[in-house]
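Participant: 3D model of this:
(chains A, B and C)
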Amino acid sequence: MSLTREVRFWVAQRATAVILAVCVVVHLATIIYAVRGGLGAAEILARTRGSIAWGTFYTVFVLAAAVHGSIGLRTIAAEWLGWRGDTAELATTVVGVVLTLLGLRAVAAVVGAP
Amino acid sequence: MRPVRGHTGYWAFLVHRVSGVALALFLPAHFWFLGSALQGEAALDGHLAWTRQPLVIAGEWLLVVFLAAHLAGGLRVLVLELMPWRNWQKTLATLGAAFALVAGLMFALAR
Amino acid sequence: MDVKVWRGGAEGRFETFDVPRQPSQTVLDVVTHIQRHLDPTLSYRFACRVGMCGSCAMTVNGTPRWTCRTHVDRVAADGRLEIGPLANMPVVKDLVADMSEFFDKWGRAKGQFKPSATRADDFAKIDPASPARREAEAGIECIGCGVCYAACDVVSWNRSYLGPAALNRAWTLVNDARDSGQGERLLAVAGDAGCHSCHTQMSCTEHCPKRLSPTRAIAGLKRATWRLALAEGEE
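Facilitator: Numbers count the residues shown, from 1 in each chain, chains lettered A, B, ... in the order given. A predicted model of the protein is given here:
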């Protein structure tokens, strides 16, 4: 594992953390607002369907979360499971890709036309 | 002096790590769930009905608290790493815990 | 008072001794009593016995401490005392830990001063009130006792992690205007083995008997080394 790559992971973790901090505050506020009076699909979708703003917001959220989560899991796997090396790096990438794909699918589901 | 594992910074770290793992494991399910909207509103509503079970409601509350706690822990790390050092920064962990509980309370009350 | 003491090396067991309780007794007093009156084969380290050298550092009821500065009343309120060698280091025998790797890491972190001037040059003029010098002063009192290293979870999870003491020393030198080894030092303290593995648990700062803050130093190193992410290619 090269030094440059390790420092890049650290920087990426902090940079996505800042982005996520903003996204999470918005998300928490949205959750608390939306959950009043029960959660219904109609209400959720009415807010997100066809909305470029929400679409952009959630896309950024998904990408940042995929990067941040995969790097975080990588560290935990190394420290608590002793999993390091090429297979661990591959697993990190796979986790990031899966989160991205599932996340973007979810964004398309709630923003796109039915 | 407190035991090696018992001080504030240690709890801040542990909560941050455990909440992170919980959120990382939750995310794929969350995305998959929302993706059901691809089949239309009724499909999403069907899934939402499932979430009205008491255990799921409790789980959701825990996830909201975890999200707030992970945010608070992350902000603590960012402050400790990026800003010039001040000794009061050690109390950031306590502030973070308070924030997470407030968020949890608001969520619980909003329902 | 029943005192459990680690005997053996990596493999071993806790042996129990009955030690008379005295007023104003330190854990080092307890260990000394055992070795002098109960079992002369007990091995342990000490030197100054007055909290200046750090040699007597051991694990007391799970916490790394200087035994000469630890009063029995403070840690064994319920009459139970368990003493072992410092954690995160191989055990030589009984209460003696092998500190070689601890000091090797000090070297790997480039924790040695590299002069830039010669005796023919004039004195370096360093303003003691300058931010860099004050940052260095905050960490230079370290005497290499190993308590922070023993307290650090990352050291136990990551064998190559240089540890709080080595990184703290490196930071004091990063802030030393007279030092000429900055380039290689920043490379030495970055990455998985270096500052970027610290999770700010702050066990080091919590337990340092000299009240230093390696967490603070490591945070400084993180800020000093982030640009390595922009380097071309792989190092």
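
Participant: quick check: which ranges of the chain have low pLDDT?
Facilitator: As the question left the chain open, I've gone with chain A. Applying pLDDT under 70 to chain A picks out residues A:1, A:114.

Participant: my question was about chain C
Facilitator: Checking chain C against pLDDT under 70 turns up C:233-235.

Participant: contacts only, for the residue of it found nearest chain B.
Facilitator: Proximity of chain C to chain B (CB to the nearest CB) peaks at C:M202, 3.3 Å away. In short, each C-beta sits where N, CA and C put it, glycine included. Contacts here follow CB atoms under 8 Å, 6 or more residues apart in numbering or on different chains; on that basis C:M202 touches B:7-10, B:90, C:215.

Participant: at 7 Å what do you get?
Facilitator: B:9, C:215 (CB atoms under 7 Å, 6 or more residues apart in numbering or on different chains).

Participant: and C:G62, how far from C:A150?
Facilitator: Counting by CB to CB, to the nearest Å, the gap between C:G62 and C:A150 amounts to 11 Å.

Participant: which of those two has more neighbours?
Facilitator: Between C:G62 and C:A150, counting by other CB atoms under 10 Å in any protein chain shown, C:A150 is the more crowded of the two (27 against 13).

Participant: that one: which element?
Facilitator: Using DSSP states H and E, C:A150 sits in helix C:147-151.

Participant: could you check whether that helix is close to chain B?
Facilitator: Yes. Helix C:147-151 lies within reach of chain B by CB under 7 Å from any CB of the partner chain, at C:A151.

Participant: who does that helix touch, helix- and strand-wise?
Facilitator: Applying 3 or more CB pairs under 7 Å, 6 or more residues apart in numbering or on different chains; DSSP states H and E, we find helix C:147-151 packed against strand C:63-66, helix C:164-174, helix C:203-207.

Participant: helices or strands up against the first one?
Facilitator: Judged by 3+ CB pairs under 7 Å, 6+ apart, strand C:63-66 is in contact with strand C:57-60, helix C:147-151.

Participant: swap the cut-off to 6 Å and go again
Facilitator: Judged by 3 or more CB pairs under 6 Å, 6 or more residues apart in numbering or on different chains; DSSP states H and E, strand C:63-66 is in contact with helix C:147-151.

Participant: gap between the following helix or strand past the helix it packs on and the chain center?
Facilitator: Using DSSP H and E, the helix or strand that follows helix C:147-151 towards the C-terminus is helix C:153-157. Its chain's average C-alpha position is 13 Å from that of helix C:153-157, according to CA atoms, centre = their mean, to the nearest Å.

Participant: identify the residues contacting helix C:153-157?
Facilitator: A:79, C:88, C:149, C:161, C:163, C:197 (CB atoms under 6 Å, 6 or more residues apart in numbering or on different chains).

Participant: what's the separation between the second one and chain A?
Facilitator: When CB to the nearest CB, to the nearest Å is the yardstick, C:N88 and chain A sit 14 Å from each other.

Participant: can I get the helices and strands packed on helix C:147-151 in a markdown table with mean neighbour count?
Facilitator: A markdown table is the format used below for the helices and strands packed on helix C:147-151 (neighbours: other CB atoms under 10 Å in any protein chain shown):
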| stretch | mean neighbour count |
| --- | --- |
| strand C:63-66 | 25 |
| helix C:164-174 | 27 |
| helix C:203-207 | 26 |
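
Participant: on that earlier part again, farthest-separated two in the contacts of helix C:153-157?
Facilitator: Based on CB to CB, the longest span within the contacts of helix C:153-157 runs between A:E79 and C:Y149 and measures 16.5 Å.

Participant: looking at the two, which is more packed in?
Facilitator: C:Y149 (30 against 19).

Participant: and the contacts of stretch C:131-141?
Facilitator: Contacts of stretch C:131-141 with the rest of the structure, by CB under 6 Å, 6+ apart, involve C:126, C:168, C:171-172, C:175-176, C:210, C:212, C:217.

Participant: let me have those in TSV, extended by distance to C:R185.
Facilitator: Formatted as TSV, the contacts of stretch C:131-141 follow (distance: CB to CB, whole Å):
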residue	distance to C:R185
C:I126	18
C:N168	13
C:W171	9
C:T172	11
C:N175	11
C:D176	10
C:K210	23
C:L212	19
C:A217	13
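
Participant: farthest-separated two in those?
Facilitator: C:I126 and C:K210 (22.2 Å).

Participant: near chain B, which residues of chain A show up?
Facilitator: Neighbours of chain B within chain A, by CB under 6 Å from any CB of the partner chain: A:17, A:24, A:28, A:32, A:35-36, A:39, A:41, A:45, A:69, A:72-73, A:102-103, A:105-106, A:109-110, A:114.

Participant: report the buried members of those.
Facilitator: Neighbour counting by 16 or more other CB atoms under 10 Å in any protein chain shown classes A:17, A:24, A:28, A:32, A:35, A:39, A:41, A:45, A:69, A:72-73, A:102-103, A:106, A:109-110 among those as buried.

Participant: check those residues against C:A229 and report the nearest one.
Facilitator: Set against C:A229, the nearest of these by CB to CB is A:A17 (14.9 Å).

Participant: residues in contact with that closest one?
Facilitator: When contacts are counted by CB under 6 Å, 6+ apart, A:A17 touches B:G74.

Participant: need the next SSE after the helix or strand hosting it, C-terminal direction.
Facilitator: Per DSSP H and E, A:A17 falls inside helix A:3-34. Next in sequence after helix A:3-34, counting helices and strands by DSSP H and E, comes helix A:41-48.

Participant: and that following helix, which residues are buried?
Facilitator: Going by neighbour count (16+ other CB under 10 Å), the buried part of helix A:41-48 is A:41, A:44-45, A:48.

Participant: then stretch B:77-84?
Facilitator: Buried, per 16+ other CB under 10 Å, within stretch B:77-84: B:77, B:80-81.

Participant: so what touches that stretch?
Facilitator: By CB under 6 Å, 6+ apart, the surrounding residues in contact with stretch B:77-84 are B:89, B:92, C:200, C:219, C:222.

Participant: wait, which of the residues you listed is closest to B:G104?
Facilitator: Out of the contacts of stretch B:77-84, the member with the shortest distance to B:G104 (by CB to CB) is B:L92, at 18.7 Å.
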